[in-house]
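In: I'd like to go over a predicted model; first the sequence, then the structure.
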Amino acid sequence: MDDLKAAAAEKMPNGVRDFYNSGSTDQITVHENQSAYLKYRLRPRVLVDVFKVDTTTVVFGRRIDFPLSIAPAGIQAMAHPDGELATSRAAAGRNINMSISSFSNYSVEDVRKAGLGVGPIEHTMQIYTMQDRQRQQRIIRRARAAGCRAIFLTADSPVLGIRYNEHRSDFRTPAGLDFPNLELLSRDILANSHADGFDGFNSASHSWAKEIPWLREMGMEIWVKGVLTSEDVLLAREYGCDGVIVSNHGGRQLDGTPATIDVLAECVQAAGGQIRVHVDGGIRSGTDIFKAIALGAECCWIGRPTIWGLAYDGEAGVTLMLDMLYKEFQRCMQLCGCKTVADISKAALGIVRKNGPLARL
Ligand SMILES: Cc1cc2nc3c(=O)[nH]c(=O)nc-3n(C[C@H](O)[C@H](O)[C@H](O)COP(=O)(O)O)c2cc1C
Ligand SMILES: O=C(O)C(=O)c1ccccc1
């Protein structure tokens with residue numbers, strides 16, 4: 001994955017590369033999302049018949065090849081002209097699901113069609129809490145009509161995080177790229193810096209009571225993306241949400257929030273089996289996926305690796321990236337003695353504490 005990241009960097013102008021790869025302010029959380037995985041060690045069980053292991057799992061009512069899907073990430077046509085169309089095709093080709101960003105450069109209808117042209121796929125539609133409720137409802141209706149099954153309400157972005165790289169490079173969406181879900185054409189957005197454009201859209205006066213009840217009337221599953229505490233998982237339950245994505249937005253919103261893998265167990269416990277819990281942030285290997293599943297996630301999502309695959313080689317690059325993660329995950333299951341995804345439990349992990357023996361979880 002590091003090689004793919006480096007190869008992708010060669011293909012992008014520095015400002016674009018930094019927009020994709022950076023976190024907010026001091027980059028603490030973006031780094032910790034990855035490094036936090038390192039303290040977990042695997043407890044393999046040996047002499048288990050792993051000639052054939054079953055890596056599949058059911059998510060959004062569909063059996064996918066392994067517990068991974070593609071997180072919503074905006075402006076993918078900046079990485080490759082085919083953008084989200086290529087991502088959708090690669091996801092369908094590898095039999096996993098994908099979430100479509102409100103800021104995708106291709107319309108929800110076209111992204112869905114591109115995937116379905118290759119094979120079955122579920123898409124979820126990511127929305128923000130927007131100032132313009134009419135426009136927000138139009139996105140939801142379009143997504144529903146196109147066959148999206150769930151709304152991912154991104155709740156961690158009442159305002160955009162502070163990203164120094166955007167100031168340094170005066171980052172703007174390149175000319176010629178539209179945001180069709182938001183009904184924004186290239187000429188409408190060119191005048192704005194990225195951060196100003198974003199803050200003009202999002203509602204900082206959002207709340208659970210203002211957002212969730214009316215969304216539940218829209219006839220789609222409602223998932224809250226960007227939860228990091230048991231308190232908020234309990235609220236998601238109370239408001240009748242279908243699930244949460246434990247996420248710190250890839251370290252791009254509030255820097256100094258914990259690594260998602262470090263709060264996953266707390267969130268799974270608060271969910272109490274009543275709502276579903278997924279996770280994203282810093283997942284870069286099949287072993288990372290295995291660890292997140294062991295800690296109770298139903299499914300993992302990846303953000304930046306998709307961008308690197310796209311920049312490297314469009315659809316083929318995303319497919320390459322997914323193949324890599326698939327093979328690592330499968331081999332991790334085999335070498336840990338897990339025959340099915342349901343076999344992956346806390347018993348498969350230990351944690352190294354300073355100067356001590358491996359501690360069981
Ligand atoms: C370039 C980029 C754009 C993103 N755009 C969105 C977005 O439009 N909506 C959203 O909810 N999350 C967005 N995210 C956050 C991702 O959905 C996800 O939470 C995060 O990337 C996961 O961390 P990872 O990149 O370490 O895998 C974006 C992330 C990146 C890197
Ligand atoms: O949500 C983000 O992290 C992000 O960077 C973004 C991408 C496209 C449009 C708006 C925000």
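Out: Everything's here; your move. Numbers count the residues shown, from 1 in each chain. Ligands and ions are numbered 1, 2, ... in the order given.

In: ok, and what's touching the lowest-mean-pLDDT helix or strand in the chain?
Out: Sorting the helices and strands of the chain by mean pLDDT, DSSP states H and E puts helix 194-201 at the bottom, at a mean of 80. With Cβ atoms under 8 Å, 6 or more residues apart in numbering as the contact definition, helix 194-201 has outside contacts at 19, 128, 130-132, 157, 159-160, 163, 166, 171-173, 182, 189, 192. C-beta coordinates here come from the backbone N, C-alpha and C atoms, glycine included.

In: go again using 7 Å as the cut-off
Out: 128, 130-131, 159-160, 166, 171-173, 189 (Cβ atoms under 7 Å, 6 or more residues apart in numbering).

In: near ligand 1, anything from it?
Out: No. Against ligand 1, helix 194-201 shows no contacts by Cβ under 6 Å from any ligand atom, the least distance being 9.3 Å.

In: just stretch 258-270 next, same as before
Out: No. Against ligand 1, stretch 258-270 shows no contacts by Cβ under 6 Å from any ligand atom, the least distance being 8.1 Å.

In: can you list the residues that contact that stretch?
Out: 32-33, 36-37, 227-228, 230, 233-234, 244, 246-248, 277, 279-282, 291-292, 295-297.

In: list the buried residues for the least confident helix or strand of the chain?
Out: For helix 194-201, the neighbour count (16 or more other Cβ atoms under 10 Å) marks 194-195, 197-199, 201 as buried.

In: what's the answer for stretch 233-243, then?
Out: 233-236, 239, 241-243.

In: and residue 105, that's in a strand?
Out: No. Read with DSSP: H, G, I helix; E, B strand; the rest coil, residue 105 is coil and lies in no strand.

In: can you give me the pLDDT of it?
Out: Note on residue 105: pLDDT of 98.

In: so what's it up against?
Out: 75-77, 83-84, 177-179.

In: now, which of those lie close to ligand 2?
Out: Checking these against ligand 2 (Cβ under 6 Å from any ligand atom), the matches are residue 75.

In: of the contacts of residue 105, just say which sits nearest to residue 58.
Out: Checking the contacts of residue 105 against residue 58 by Cβ to Cβ gives residue 84 as the nearest, at 24.6 Å.

In: mind checking the SS state of that closest one?
Out: When the rule is three-state DSSP, residue 84 gets the label helix.

In: quick revisit: downstream of the least confident helix or strand of the chain, the next helix or strand is which one?
Out: Sequence-wise, the next helix or strand downstream of helix 194-201 (DSSP states H and E) is helix 208-216.

In: the helix ranked longest in the chain - contacts with which helices or strands?
Out: Criterion DSSP state H: the longest helix present in the chain is helix 304-336. Where contact means 3 or more Cβ pairs under 7 Å, 6 or more residues apart in numbering; DSSP states H and E, helix 304-336 is packed against helix 2-10, helix 14-21, helix 83-93, helix 286-294.

In: just put the ones you listed in TSV and tack on mean pLDDT.
Out: Shown next, in TSV, are those (pLDDT from 0 to 100):
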stretch	mean pLDDT
helix 2-10	98
helix 14-21	98
helix 83-93	99
helix 286-294	99
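
In: rebuild the ones you listed as TSV, extending it with mean neighbour count and distance to residue 256.
Out: Shown next, in TSV, are the helices and strands packed on helix 304-336 (neighbours: other Cβ atoms under 10 Å; distance: least, Cβ to Cβ, whole Å):
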stretch	mean neighbour count	distance to residue 256
helix 2-10	15	24
helix 14-21	19	19
helix 83-93	26	30
helix 286-294	25	22
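
In: for these, which one sits closest to residue 340?
Out: Here helix 286-294 is closest among these (Cβ to Cβ), at 10.9 Å.
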